[in-house]
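# Here is the input, now give the coordinates:
(one chain, ligands or ions: 1)
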Amino acid sequence: MPKKTADWLGRARLVLFLLLLAPAGWLLYAGIGNHLGPDPAKALVDQSGLWAFRCLLLSLTMTPLRYATHRSFWIRFRRMIGLFALFYAALHVTAYVFLLFGARWQELLAELAKRPYVMVGAAAMVIMLLLGLTSTKGWQRRLKRNWIKLHRLVYAAALLILLHFIWVNKLGLTGIWPYALVLFFLLGVRFWWFFRQSERNK
Ligand code: HEM
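A predicted model of the protein is given here:
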């Protein structure tokens, strides 16, 4: 890669890193300063969950942007954004287990049985962990073509999170539809490419 491009990419990645870290900084600041409203623990669970979903959707836009602009540099941002999604999801689950439940495991298990939407979130979390752990160059080399197949699970994770979100139904559909629209658009674009590709290969 030419030095100029590498410098530019390095700077862009740094800016993106800081932008994606900013919500965590705000949550920390608001948490310490007691600016998270009357129920700070719940607000932290909600906000970190929303940021996890936003980051996941943003990571899914990198491949369509690559095809639409014929520029491959978008892919260089994908892993970092995906890892931020995992980071916010981990914050979400940690806040839920330790702040909302005070790590009372018996109560937590009863809650899991009572509220299936939590199980749906947990399934998405397992997928995201798996994808995060295998996102390195080493795993890419080891798994070869299977790596792409494995990482297609990101769509399953995104659909599970949408279901989890709808089930929680905190914002009503008014708050959810922009996320649903973005996700279905991204999935639609991929299906369209897939069919166009198979038509061409006939
Ligand atoms: C073990 C895994 C998970 C558990 C136990 C869990 C638990 C919860 C709970 C209890 C709520 C409702 C909070 C409230 O009543 O205010 C919630 C909401 C939410 N969760 Fe999760 N979740 C999990 C995984 C995930 C993951 C992996 C994501 C995204 C990547 C996610 C995204 C969301 C979103 C977007 C909301 C809605 C927030 C809102 O209404 O403002 N969750 N989750």
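
# Where does the prediction get shaky in this protein?
170-172 (pLDDT under 70).

# Pull up the residues of it that are close to the ligand.
Proximity of the chain to the ligand, by Cβ under 6 Å from any ligand atom, involves residues 42, 45-46, 49-50, 52-53, 56, 85, 89, 92-93, 96, 118, 121-122, 124-125, 128, 161, 164-165, 168, 170-171. For the C-beta atoms, the positions are set from N, CA and C on the backbone; glycine is no exception.

# so which strand or helix has the most centrally placed residue in the chain?
For the chain, the residue nearest the mean C-alpha position is Leu56 (2.5 Å; Cα atoms, centre = their mean). For Leu56, the element it lies in under DSSP states H and E is helix 40-69.

# Can you name the element that comes right after that helix?
helix 75-94.

# buried sites along that next one?
By neighbour count on 16 or more other Cβ atoms under 10 Å, the buried set for helix 75-94 is 76-79, 81-93.

# counting contacts, what elements does that helix pack onto?
helix 3-32, helix 40-69, helix 116-133 (3 or more Cβ pairs under 8 Å, 6 or more residues apart in numbering; DSSP states H and E).

# send the alpha carbons of stretch 88-98 over as PDB?
Output in PDB follows, covering the C-alpha atoms of stretch 88-98 (Å, rounded to 0.1, in the frame of the first residue of the first chain):
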ATOM      1  CA  TYR A  88     -20.900  -2.200  23.900                       C
ATOM      2  CA  ALA A  89     -22.700  -5.600  24.000                       C
ATOM      3  CA  ALA A  90     -20.400  -6.700  26.800                       C
ATOM      4  CA  LEU A  91     -21.000  -3.500  28.600                       C
ATOM      5  CA  HIS A  92     -24.800  -4.000  28.200                       C
ATOM      6  CA  VAL A  93     -24.700  -7.600  29.600                       C
ATOM      7  CA  THR A  94     -22.300  -6.700  32.400                       C
ATOM      8  CA  ALA A  95     -24.500  -3.800  33.500                       C
ATOM      9  CA  TYR A  96     -27.500  -6.100  33.300                       C
ATOM     10  CA  VAL A  97     -25.900  -8.800  35.400                       C
ATOM     11  CA  PHE A  98     -24.100  -6.700  37.900                       C
END
